[in-house]
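In: 3D, please:
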Amino acid sequence: MQKQMEKSCTLLVHFDKGAPSVANEIKESLEGNDVQLKIDALKKAIMLLLNGETIPQLFITIIRYVLPSEDHTVQKLLLLYLEIIDKTDSRGKVLPEMILICQNLRNNLQHPNEYIRGVTLRFLCRLSETEIIEPLIPSIASNLEHRHPFVRRNAVLAVMSIYKLPDGQHLLEQAPELIEKLLSSEQDHSCKRNAFLMLFNCAQDRALSYLFTHLDRINDWGEQLQMVVLELIRKVCRSNKAEKGKYIKIIISLLNAPSSAVVYECAGTLVSLSSAPTAIRAASSTYCQLLLSQSDNNVKLIILDRLNELKSSHRDILVEMVMDVLRALSSPNIDIRRKTLDIALELITPRNVDEVVMMLKKEVVKTQNGELEKNGEYRQMLVQAIHTCAIKFPEVASTVVHLLMDFLGDANVASAIDVIVFVREIIETNPKLRVSIITRLLDTFYQIRAARVCSCALWIVGEYCLSLSEVESGIATIKQCLGDLPFYTLPTEEGEAQDAPKTSQPVSAAVASSRRPAILADGTYATQSAVLETAISPSTLVQGSISSVGNLRSLLLSGDFFLGAVVACTLTKLVLRLEEVQPLKAEVNKAATQALLIMVSVLQLGQSPVLPHPIDNDSHDRIILCVRLLCNTGDEMRKIWLQSCRQSFVKMLSEKQLHETEESKAKALISHAQPDDLIDFYHLKSRKGMSQLELEDEVQDDLKRATGEFTNDGDDANRLNRILQLTGFSDPVYAEAYVTVHHYDIVLDVTVINRTKDTLQNLCLELATMGDLKLVERPQNYTLAPQSSKQIKANIKVSSTETGVIFGNIVYDSSSNVLDRTVIVLNDIHIDIMDYISPASCADVTFRTMWAEFEWENKVAVNTLIQDEKEFLNHIIKSTNMKCLTPPSALDGECGFLAANLYAKSVFGEDALVNVSIEKQLDGKLSGFIRIRSKTQGIALSLGDKITLKQKGGA
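Out: Below you'll find the predicted structure:
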C-alpha cells in the first residue's frame, strides 16, 4: 500500500472551525439563482477542500449550475475550486470528467472580457496536467497579442509555466521565439518584466542577447524589469566569472535609476561580485545617499548594517566617506545614531579626525537646544565618541575638552560621569592642557549636582592642583561649596534648631524612601541612596535659595558620607602640597586648621541624630585617617598620598591602552594562503580590451586568492566533531546527521543507509522539536534500494537563544510485507547554546545597569574539583564562550577570594551577564556562586545548565 506524496499547496485561506457547512446546504445554494448565495457556497466548498474534506458530489453540480454563470466573482471562485480539486486518479491518470472543463477554459480564453481571460491564464500557471493544457495551447498563444496588457502579462506567465513542465518544451516549442518577439515590441513595463523573466528562466542566451542589444535604454526600463536584470547578472557572473567586468559596468549604470529598491540591489550586487575599488566606492556612495534619502528607520538600520559589513573588508575606501556616514546623525532615532557613531569611530584617521570631532561638537551643542526625550542619552553617546577620538588622537583633545566641561552639571548623570571621566583621562595624557582644565574645573565646580561626578572632580583637584595659586583656589572652592560651618547646631533652650532641624524632616523622607542596593564593580552589593545619582531636590537643602547653597553641603546633608570622605582626602592632599609650595608656615597652618575643622564637622554631622542614618564605618575611618595625617605628617605617608595615587591611575590607563592595542591587533589578523596555493601575477596579464574597472577587479580577485580570502573557512576536523549518530549499528536503517547552525536556522544533513536486502518504500524521516525551534517543511517519502543511501535535508528555524532538542524517528514500509510499518526511534539531537552566543564587551556602568534591570536570575552553586580560583575562572570563560570584563590587574594576587564579571551577546541581540564569586575554603576546595542574569528566561536557564554540566573541570 503505497502512500502518495503530499501535494504542493498553491492556495491558503484562513478557516474558522465553527459550525461546519453541510454538503447538502452548499449544493442547494449552488443550484439556486441567487448569485450571492452561490458565491458564499463556493467559498465554503473551497475552505472545506483546503482543510482535507472531500466533496465529490459537488463537482457535477458546479459544472451544471456554476460553469454557465457570467458573474466575474463566481468565475474567479470557480477557478480557485478547480485549482484545488484532485484532477488525477490514484495511478496519476487525468479523471475523465476533467474533459468537461476544457471547453469552458477555452471559452474563457476567448472571452470578450479582459478580466476573465486574465484570471483564467493565471489559473493555467498552476496546472501541471498536460492532457488538460494541450488543447488550450493555441488559445494561450493568441492571448500574447491581445490589446490589453493585463491579458498579455498573464499569458506570458502561463507560457513560462507550461514551458517549465516536464513535457513543456514539446507542448510549446516556439515559446522562446514568441516571447522574444513580444519583448521587442512590448511597451507595458509589467509585461516586459514577465517576458524577460521567462527568457531568463527558460532561454538565458536570448535574455542576454536582448540585454546587450538594448543596453543604451536600460535606465528607462521599469523598476520590475531592472530587478530581473540584476538577478540575471548575478546568476551569469556566478557561472562565468571571466565576463564579470562587462556586467559590472551595467550595474554601475543602473546606480542612477530613479527607484531606491533598484539602486539598493545594485549596490549589494556590486559588493558581492567585485572587490575593485571603483565598484566598492560606487556601492558605498550609493548606500550613503540612500541613508539620507530614505525616511523609514528600518531601511536606515539595514543600510547601516551593509556599511558595517563593507567597513570590515574595505575600510580604506569607507574612510573617505566617514562624513557622509555621519550625516545620518540627523535622524532622531537613538538606535540609528548609536550604530552610525559605532561605524564612524572605526573609520577615524589622522586626516579626518578634525572634521569628525567638529561634527560631533556641533551635535553636542544641538542637544542643549532640543527638547527630545532622548537628548541626554544622545549627549552621553557623543561624549563617549569624542572621548574615543581624543584618546586615539590626543591633539584634538584641546578643541573639545572645554566645551564638554560645560556639561558637568548635566541633569543626565550618566552623561556628566562620562564627561568627568574623559577630563580625568585627558588631564593625565595631555600635560599641556593641565592648567587650563584645572582652572575651568574650579570655575564650574559649583554647577555639579551629582555625587559621583563631584567625587571624581575632587580627585582631579587633589591630584593635579600643583602651583600655589591652584592649591589655594582648590581649597577656597571646596570651602565655598561646603558653606558655613557647622553643618548643624544643637537645639537651644527654647527647643529650636538653627539649621538642620529645618531640613531633617524632608531629608529623612527623601533618603529613607530611596535607599536601594547597588552593584559594585566586583559584583558585590552595597547600599546607596538615590540622591547619589540624581540632582538634589529643593526639599533637601538648607535655608536660602538653591543657588546660594553649595552643592557639596546639599549632598552631605542628604547623608552622602562617602563624598564627605572624598572631600577630606582632597583637602588633605591640597594641604600636603601647600606645605611644599607655600613658603609662609602660618598660611599652611591656617589651611590645615580649616581642613581639620571641616573634617570634624563632617564627623559630627555623621554622628548627629538629625539624619536618618549615621556615617558608615569606612567613611568614618577614612576621615579619621586624614585628621591624624594632618596632625602628624611623615615623609613616607606624604609620598604615598601625593605620588602613589597618581601612579596607580597611570598604570590603569597604560593597562587599558595595552588591552585595546592587543584587541586591535587580534582583529587585524587575516587568514593566509596555504603553501601550495596557486598565485597569479597580474603584471603578466594581458590588458587587451580590458577597461580600468575590469583590470581592478582582476587584480583584487588575485590579491584575495593570494591572501587566502577565497579559501574555505570550514575546518574538516571540526566538521567531523559535529556528526551525530542517530541510530545503532545493528538497526536495519543506519542514520547520522551533520548539524550546521546559521544564526536563525539550523540545517540537518541526515545520511540514511539501508543495511537490509529489501527495498524500503515510503521511508520518511519524522522530526519534532522542543524549545524555540520550528520545522520549516514537512519531510517527504523516499524509496531506498537495498544497501543504498540517501541524503535528506531538514531546515529548522530558531527564534531565541535557548537550548533546544530535536527528536524523531524513521518510518518505512518493507516490500516483503506491505501492511507492516517499521519505526526506528532516533537519538535526540541537543542544540548547544554556545552556537548562539559570542564574547562581547561593555562598560562597567552599562553592565551594572543591565544587572539591576534584568529580571531573570539563575544562581548556580560552585561544585568543582579545580582548586585554583583563576584556573576555575578561565575554565568557566572557556566553557561558556564569554568575555571577562574584570581587568587582569584586578584579579592579580592570592587572597583566597575572586569576583569577576563575564559578558556575552547572542545573535538575536540578547545580553548574557554572569558574575562569578568564589572563595577558597580551609580544605583547599572552592565554594561560592555563579549568578546568571538575562532579559529572557531561556538564556539564563540554558547557560546555568551549561555551567552546571561543565564546571567540575577535572571530573
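In: List of residues touching the lengthiest helix in the chain?
Out: Ranked by residue count, the top helix of the chain under DSSP state H comes out as helix 645-668. With contacts defined as CB atoms under 8 Å, 6 or more residues apart in numbering, helix 645-668 is touched by Ile391, Arg424, Glu425, Glu428, Thr429, Glu463, Pro887, Pro888, Ser889. Just so you know, the C-beta spots here come from the backbone N, C-alpha and C atoms, and that holds for glycine as well.
In: If we only consider those, which is nearest to Lys44?
Out: Nearest to Lys44 among these: Pro887, at 70.4 Å, using CB to CB.
In: returning to that earlier point: out of the contacts of helix 645-668, which comes closest to Gln937?
Out: Pro887 (31.1 Å).
In: how far away is that closest one from Glu894?
Out: 17 Å (CB to CB, to the nearest Å).
In: For those two, indicate the residue with more neighbours.
Out: The residue with more neighbours, out of Pro887 and Glu894, is Pro887; 15 against 10, by other CB atoms under 10 Å.
In: Torsion angles phi and psi at the more buried one?
Out: Main-chain dihedrals, Pro887, degrees, to the nearest 10: phi -60, psi 150.
In: How about Ser917?
Out: phi -130, psi 110.
In: That one bridge partners, please.
Out: Ala899, Phe929 (DSSP bridges).
In: Make sure it is actually in contact with Leu926.
Out: No - proximity of Ser917 to Leu926 does not meet the contact threshold set by CB atoms under 8 Å, at 10.7 Å.
In: Between the two, which has more neighbouring residues?
Out: Neighbour count, other CB under 10 Å: between Ser917 and Leu926, Leu926 has more, with 21 against 17.
In: Next up, the contacts around that one.
Out: Val862, Thr864, Ile866, Gln867, Glu869, Phe872, Ile918, Glu919, Lys920.
In: Secondary structure of the second one: a strand, I assume?
Out: Meaning Thr864. No - looking at Thr864 with DSSP: H, G, I helix; E, B strand; the rest coil, it is coil, so not inside a strand.
In: burial of it, as a residue count?
Out: Neighbour count for Thr864, taken as other CB under 10 Å: 20.
In: what's the answer for the one 5 residues further on, then?
Out: By the measure other CB under 10 Å, the count of residues near Glu869 is 22.
In: Quick check on Ile251: phi, psi?
Out: Dihedral angles for Ile251 - degrees, to the nearest 10 - are phi -60, psi -40.
In: Just give the number of residues close to it.
Out: Using other CB under 10 Å, Ile251 has 24 other residues around it.
In: pretty sure Leu898 contacts Val916?
Out: Yes - Leu898 is within contact range of Val916, at 7.1 Å (criterion: CB under 8 Å).
In: Now the common contact residues for those two.
Out: Leu873.
In: Tell me where the stretch 801-950 of the chain has strands.
Out: 804-814, 817-825, 829-831, 837-839, 856-861, 883-884, 897-906, 911-920, 926-934 (DSSP state E, counting those that start in this stretch).
In: Identify all contacting residues around the host helix or strand of Tyr210.
Out: In this structure, Tyr210 is located in helix 204-213 according to DSSP states H and E. Taking contacts as CB under 8 Å, 6+ apart, the residues outside helix 204-213 that touch it are 176, 180, 183-184, 196, 199-200, 218, 229, 232, 235-236, 250.
In: buried stuff in that helix?
Out: Within helix 204-213, the residues that count as buried by 16 or more other CB atoms under 10 Å are Arg206, Ala207, Leu208, Tyr210, Leu211.
In: what ranges do the helices span in the stretch 601-750 of the chain?
Out: According to DSSP state H, counting those that start in this stretch, the stretch 601-750 of the chain carries its helices in the segments 617-631, 635-639, 645-668, 692-707, 716-721.
In: Off-centre distance for the third one?
Out: Translated: helix 645-668. 28 Å (CA atoms, centre = their mean, to the nearest Å).
In: Which positions within it qualify as buried?
Out: Of the residues in helix 645-668, none is buried (16+ other CB under 10 Å).
In: Now that helix: average pLDDT?
Out: For helix 645-668, mean pLDDT rounds to 75.
In: Which stretches in the stretch 401-550 of the chain count as strands?
Out: Under DSSP E, counting those that start in this stretch, the stretch 401-550 of the chain gives strands at 515-519, 525-529.
In: So which elements touch the next helix or strand after the last one?
Out: Using DSSP H and E, the helix or strand that follows strand 525-529 towards the C-terminus is helix 551-557. Under the contact criterion of 3 or more CB pairs under 8 Å, 6 or more residues apart in numbering; DSSP states H and E, the helices and strands touching helix 551-557 comprise helix 451-464, helix 468-482, helix 561-581, helix 585-606.
In: how about the ones you listed in CSV, adding distance to Glu70, mean neighbour count and mean pLDDT?
Out: Listed next are the helices and strands packed on helix 551-557 as CSV, based on distance: least, CB to CB, whole Å; neighbours: other CB atoms under 10 Å; pLDDT from 0 to 100:
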stretch, distance to Glu70, mean neighbour count, mean pLDDT
helix 451-464, 81, 23, 89
helix 468-482, 92, 19, 89
helix 561-581, 88, 22, 89
helix 585-606, 96, 17, 88
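In: pLDDT at Ala242, what is it?
Out: At Ala242, pLDDT is 69.
In: Tell me, how many residues neighbour Arg778?
Out: Count around Arg778 with other CB under 10 Å applied: 10.
In: what does the one 4 residues further on give?
Out: Burial of Tyr782, expressed as a neighbour count using other CB under 10 Å, amounts to 17.
In: do the same with His387
Out: 21.
In: what sits against it?
Out: Per CB under 8 Å, 6+ apart, neighbours of His387: Asp418, Val421, Phe422, Glu425.
In: That one looks like it's in a helix, true?
Out: Yes - counting by three-state DSSP, His387 is part of a helix.
In: how much space is there between it and Ile426?
Out: 8 Å.
In: residues near Glu97, how many?
Out: Neighbour tally, Glu97, other CB under 10 Å: 12.
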